[in-house]
Every structure is written in C-alpha cells, then in structure tokens.
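K.L.:
Sequence first, then the predicted structure:
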Amino acid sequence: MQADTLPKLLLGNGRRYGKKRSALREKEFGIWQSVSWDRYVEAVKEFALGLYKLGFRRGDKLAIIGDNRPEWIYAELAVQSLGGISIGLYQDSQSKEVSYILNHSEAMFVVVEDQEQVDKILEIREEVPNIRKVIYYDPRGLRNYSEDILLSFPDVQEIGHEYAGKNSAFFEREVGKGQGADVAIICYTSGTTGFPKGAMLTHDNLINMAANLTGVDPINEKDEFVSFLPLAWIGEQMTGVAASLMRGFTVNFPEEPETVNDNIREIGPHVMFSPPRIWEDIVSRIQVQIEDSSWLKKKLYHFFMPLGYRVADCRFNKEPVPLWLRFMHGLGEFMVFSAIKDHFGLLRLHRGYTGGAALGPQVFRFYHALGVNLKQIYGQTEVSGIAVVHHDGDVKYHSVGRPIPGTEVKISAEGEIQIKSSSVFTGYYNNEDATKEALTDGWLHTGDAGYIDDNDHLVVIDRVKYVLTTKEGEIFSPQYIENSLKFSMYIKEAVVIGKDRPYVVGIINIDFSNTGKWAENNQLTYTTYTDLTQKEEVLELVSKEVIRVNEELPPAARIRKFVLLHKEFDADDEELTRTKKIRRGYVEEKYAVLIDALYGGDDTIKVKDKVKYRDGRQTVVETALAVILMDMEVA
C-alpha cells in the first residue's frame with residue numbers, strides 16, 4: 001500500500017514499531033502515560049468504525065474543538081481513514097465563531113473536549129442544523145446532560161470495537177481507498193481582515209511538506225516533541241501530525257494549558273515550533289528571573305551574554321570565531337547558559353522554529369547568544385505551513401532563510417512574495433472568488449512584501465497593504481518597529497500607525513505580569529491594569545524602551561507620540577485573531593478617535609470603551625490616557 005495519505009503512514013508505523021516505541025505521551029494525574037504505535041492504530045480504528053456506524057461517510061466532515069489531547073488526533077485520523085475531512089477550531093472560539101465555521105464547512109459531527117465546549121454547541125444548536133452528533137472525551141460535569149445529540153468518545157469507540165469484530169478487514173479497506181489528492185483537512189486562516197477562510201489541504205500537500213522540511217532538518221524516531229499550541233493552527237498540524245507520522249517521533253501532550261512550561265522542562269524536547277509570542281514570552285521570563293537572581297548570577301549573566309552575542313554575530317556573518325572567544329563562550333555555557341536553557345526546557349533542543357508572524361531580530365540574536373539553534377520559517381496556511389526555512393550553518397537574523405526542497409519563490413513587480421510547490425493548497429472551501437485571487441497558474445499570492453537578497457535568502461518586510469509611506473515619502477514597516485518594542489520585558493503588544501500621516505505614533509500594551517512585578521519591587525502601588533498603565537513611573541519606564549527603539553530607526557520612522565492602552569488587546573474583543581495576531585484594520589477602526597487625537601495637541605485623551613468578558617457580560621470603561629511626546633532630538 002503506497003503511503004500517500006496520513007492514515008496509511010499511521011498503519012505503516014503501527015506495523016514497523018508496534019509496541020516497541022511510544023507514539024504519543026500524555027500527562028495525567030501527574031504521571032506520563034504512553035501510547036504505543038499499535039495502540040495508536042487501534043484507537044483510530046475503533047473511533048473510525050464507530051463513526052461509520054453512526055452514519056459518517058466518505059466526503060463527510062467532522063469538526064474538533066478542544067485542548068491538545070490524543071483524542072483530537074484519533075478523531076482527525078479516523079475521519080481521514082474513512083475518506084472524510086477534519087476541521088479544527090480554536091478552543092477559545094466564541095459561540096458565533098463556532099457557528100460560522102460549522103455552517104460554512106458543512107460539518108455533520110463535532111468532537112469536543114469537555115463541558116465548556118458541549119455548552120457552546122448546545123447554545124447554538126438551532127443555528128447549526130447539520131450537526132448530528134456531539135462527541136465529548138472529558139465527561140466531567142456532563143453526567144446529568146440528557147440531550148440525544150451527545151455521545152462520549154469511549155462509547156463511540158466501543159461501537160467501533162463491536163463492528164470491527166464482525167468486519168475485521170473493513171478499516172484497512174477504507175484506508176486503502178484513500179488517495180493523496182483527497183482533501184485531508186480544512187484549515188481556517190487566522191482572519192486578520194474578517195471572517196476566516198477555509199483552506200483545503202490534501203494529504204499530498206501535508207506529506208510533501210513534512211518530507212521537504214525533514215529533508216532539510218532531519219528528525220528521527222528518537223526525538224521528542226511537545227504539542228501545546230492549538231491543533232487548529234497549521235503550525236501544529238505541520239509538526240505534531242504530518243511530520244510525526246512521516247518520521248515516527250514521539251508527540252507529548254501537556255497535562256493542562258497551565259502546566260505547559262513545567263511539562264516542556266520535564267520532556268526536554270528535541271524539536272520545538274512556536275509562534276513569536278511564545279519565544280518572546282520566554283525571553284521576558286528569563287530577563288525577569290535574572291533581575292530577581294543573586295548578585296553573582298547577575299554579574300555572570302551580564303558578563304557572558306555580550307560574548308554570546310559576539311559568537312552569534314560571527315556565525316550570522318559566516319566569520320570564524322576566534323579561539324579565545326570559543327573558549328569563553330564554552331565557559332559561559334558551563335556557568336550560565338546551560339542552566340538557563342535547562343530551566344526553560346531548551347537544553348536538549350536541536351532545532352527551534354518560529355513562524356506565523358515576524359520575530360524581532362533582538363529576540364532572534366538573544367537565543368543564538370544562548371546557544372539555542374532557533375530558526376525562522378516562512379509559510380502560510382495555504383502552503384501547509386512552511387515554504388522557507390533557515391538551513392543549518394546559513395542563518396541570518398533579518399531573513400527567513402531559503403526555500404525548502406520542491407519550493408519556488410519569486411517576487412512580483414509589485415514586491416509581493418509568490419510561492420509554488422506541491423504543498424500549495426487546492427483552494428478555499430466554498431469561496432471561488434478568494435481562490436482566484438490567491439492562485440494564478442499554481443503560484444500562491446501571499447500578500448506579503450519582501451525581497452530576495454544576494455545570498456538567495458528571503459527577507460519578509462510586512463504585509464503588502466501594511467508597508468507604510470509617510471507624507472515625506474519615507475517607507476517603513478510597522479511590524480519591524482512593533483517587534484523591536486516587544487523585545488522589552490515590559491511591553492506585550494504594540495500597534496504602530498503612520499500611513500499618510502505626518503509622523504508615526506504607537507498604541508502600546510504593557511506586560512502586566514512583568515510591569516506589575518517591577519512596580520512591586522519599586523514600591524509602587526496600583527489597583528488594576530488600567531491604573532498601572534497611567535502611573536507616571538510606568539510611563540517613564542516605557543518611554544525609555546521607546547527611546548531605545550527610536551535610536552535604531554531612521555528619523556521618519558521614529559515614534560513621535562504614544563499611549564499606554566487602558567486594556568490588553570484581546571481575541572474576544574476581536575482585536576486579535578485566535579493565533580494572537582493583531583487585527584490591524586479592526587484596531588485602527590475601533591480606536592480611530594484615539595488615533596486621531598494622537599495627532600492633535602492634547603496631553604490626555606479621554607476614552608470610553610466597551611469591554612467584553614468571557615461569560616458574555618459587558619462593561620463600559622471610562623478613563624483618560626496620558627499622551628507621551630518623545631524628544632526627537634534625544635531619540
């Protein structure tokens with residue numbers, strides 16, 4: 001049987017490894033529980049046959065909502081084994097988002113994790129008439145639910161187990177009918193400009209992507225990977241599903257979202273893929289813990305980090321590292337760097353990947369100074385997650401690397417990045433117009449601006465529509481400035497505005513945890529997030545970070561004014577996507593009055609804003625935000 005689908009890869013691994021190796025591992029009740037490859041196959045088989053008995057047929061669709069658990073992957077592969085299509089939803093999606101995707105995708109079954117997700121579906125039951133069954137895998141709190149639409153995951157598997165006893169070869173025959181050209185998943189984009197679009201990705205798309213990526217960066221069956229980012233995101237599908245089935249490495253699932261950091265440290269993964277916000281968060285936590293450490297540890301850290309940066313820059317520039325510097329860096333590894341990496345679960349990391357958005361060069365250099373092999377990747381949902389990556393020994397912090405095998409990249413006359421490969425999607429589900437805009441003769445129009453440098457590295461500037469030009473004609477990338485700001489341990493998010501404006505301004509979110517800790521250490525009292533943002537000392541603290549960034553920018557791109565927003569940007573307020581990307585157009589529209597006021601002469605701006613809580617309640621916040629005017633001569 002040709003291994004041209006994900007379920008066929010699973011069956012092959014089941015035969016190859018059997019009980020000899022762990023395919024999955026999940027922490028329950030404080031103990032890591034292993035699932036062998038043959039049990040993995042059996043769990044998928046039982047659920048697939050249970051679905052079949054419930055009426056699931058080839059071409060049907062099943063949606064999955066929940067945290068990362070083995071049951072998620074069992075359900076996904078079971079659906080694909082029957083020739084169906086799986087659709088992932090983010091576990092923190094609101095009811096209206098769930099309703100939209102379930103209706104748009106025409107899903108007939110839903111697998112959910114727990115009571116919270118069951119309640120979401122029951123709340124919108126009248127809005128999603130196509131849904132036949134809702135299958136849950138965490139029964140806590142559901143004992144007294146009597147709705148006929150509900151079934152437990154084990155009950156479906158038991159139905160499948162009974163069917164398998166009478167039809168022993170049925171499952172393998174169904175898997176054998178699958179072809180590489182079949183759609184495997186509909187992966188919904190992040191929706192930065194409106195409702196998300198459903199990208200149809202075939203088995204060929206996903207398998208070719210995994211083969212090409214692991215051809216550049218070999219991953220073997222002995223490697224460990226921690227799956228903690230939403231499986232609805234293409235980045236997690238790329239590594240935790242497709243690459244793991246291709247190469248047979250072990251996928252580990254955290255006990256709870258709150259224990260992810262501890263679980264990563266326990267496992268010590270060899271491979272890690274995260275969007276920039278995760279890597280930025282680790283940098284912030286390192287910086288905070290260093291500041292809270294002993295006098296000696298701080299001295300050692302501040303002595304060896306500059307040496308680490310020098311080694312990193314030598315390697316970026318492909319220059320030989322002097323013998324004395326290699327020795328000192330090795331000493332720094334022994335005395336400082338290895339302890340930091342071990343504390344954050346990075347000690348055994350062979351390769352760390354970052355993608356989904358741009359990572360600031362300061363953060364990138366920081367990890368290489370520590371000796372962490374962090375690589376930028378570039379891709380999109382529409383290209384199965386990856387098209388370009390840093391190759392070993394050829395890393396540049398300002399680029400995203402070179403194309404992986406089987407991938408062509410070109411720059412259009414308008415400066416747009418375009419991609420052709422066997423991993424490019426077949427189109428958007430039920431959206432022919434968007435498909436025609438995205439695909440031309442097999443070339444994917446990414447919507448990103450960039451260029452290819454003299455070493456054939458791709459440099460991504462920003463989204464084409466977000467590359468800004470000031471009235472003086474100066475071009476700049478808001479994303480670059482925002483990432484530079486977020487390198488600060490005190491800044492969590494930032495939005496920079498300047499298109500067709502006389503100068504650049506910023507709206508900044510403080511990092512509440514780190515800034516709050518700083519305030520406590522400096523005996524500064526505060527009550528709420530809003531209160532903390534308007535403290536004179538905090539405004540001065542953030543001003544220093546803005547000055548640091550301004551000093552690295554050309555005069556026309558420097559931030560002239562900024563405010564600390566009274567609230568954090570939030571996906572539930574539609575300011576962020578579910579993958580935590582800024583919905584820039586929406587933010588600029590929502591805060592248009594505030595932005596216009598930044599170009600006025602007032603020292604404060606009064607704001608009145610509706611804040612939405614997770615339980616659906618709303619409240620109105622009224623406050624005054626201080627406008628900070630930067631000294632451009634100093635900057």
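P.N.:
Alright, I've got the coordinates.
K.L.:
didn't His104 look like it was pressed against Asn430?
P.N.:
Yes - contact criterion C-beta atoms under 8 Å: His104 and Asn430 qualify, at 6.4 Å. (Each C-beta comes from the backbone N, C-alpha and C, glycine too.)
K.L.:
Neighbour count: these two, which is higher?
P.N.:
Neighbours around His104 and Asn430, counted as other C-beta atoms under 10 Å, are more numerous at His104. The numbers are 18 against 14.
K.L.:
can you count the residues close to Trp324?
P.N.:
Counted with other C-beta under 10 Å, the neighbours of Trp324 add up to 9.
K.L.:
Could you pull out the strands in the stretch 251-400 of the chain for me?
P.N.:
Secondary structure of the stretch 251-400 of the chain (DSSP state E, counting those that start in this stretch): strands at 271-274, 351-354, 374-378, 388-389.
K.L.:
oh sorry, the question was meant for the stretch 401-550 of the chain
P.N.:
Counting by DSSP E, counting those that start in this stretch, one finds strands in the stretch 401-550 of the chain at the ranges 402-403, 407-411, 416-421, 427-428, 439-440, 443-452, 458-463, 468-469, 475-476, 491-497, 504-510.
K.L.:
about what we covered before: now do the shared contacts for His104 and Asn430.
P.N.:
Residues touching both His104 and Asn430 by C-beta atoms under 8 Å, 6 or more residues apart in numbering: Gly198.
K.L.:
Now do the same contact list for Val389.
P.N.:
Applying C-beta under 8 Å, 6+ apart, one finds that Val389 lies in contact with Leu213, Val216, Asp217, Tyr353, Lys375, Gln376, Ile377, Tyr378, Val400, Gly401, Arg402, Ile404.
K.L.:
ok, now which ones touch the third one?
P.N.:
Meaning Asp217. Applying C-beta under 8 Å, 6+ apart, the residues near Asp217 are Arg351, Lys375, Val389, Asp392.
K.L.:
Next, count neighbours for Pro555.
P.N.:
11.
K.L.:
Please identify the buried residues of the lengthiest helix in the chain?
P.N.:
Of all segments of type helix in the chain, defined using DSSP state H, the longest is helix 295-316. Neighbour counts over helix 295-316 (16 or more other C-beta atoms under 10 Å) mark Lys297, Leu300, Tyr301, Phe304, Met305, Leu307, Gly308, Arg310, Val311, Ala312, Cys314, Phe316 as buried.
K.L.:
helices or strands next to whichever helix or strand Ser86 is part of in the packing?
P.N.:
For Ser86, the host element (DSSP states H and E) is strand 85-89. If you count contacts as 3 or more C-beta pairs under 8 Å, 6 or more residues apart in numbering; DSSP states H and E, strand 85-89 packs onto strand 61-65, helix 70-81, helix 95-105, strand 183-188.
K.L.:
hey, least reliable of these by pLDDT?
P.N.:
Mean pLDDT values for the helices and strands packed on strand 85-89 show the minimum at helix 95-105, a mean of 94.
K.L.:
in the chain, which segments are predicted with low confidence?
P.N.:
1, 190-194, 469-475, 611-617, 632-635 (pLDDT under 70).
K.L.:
Sweet, I'm off.
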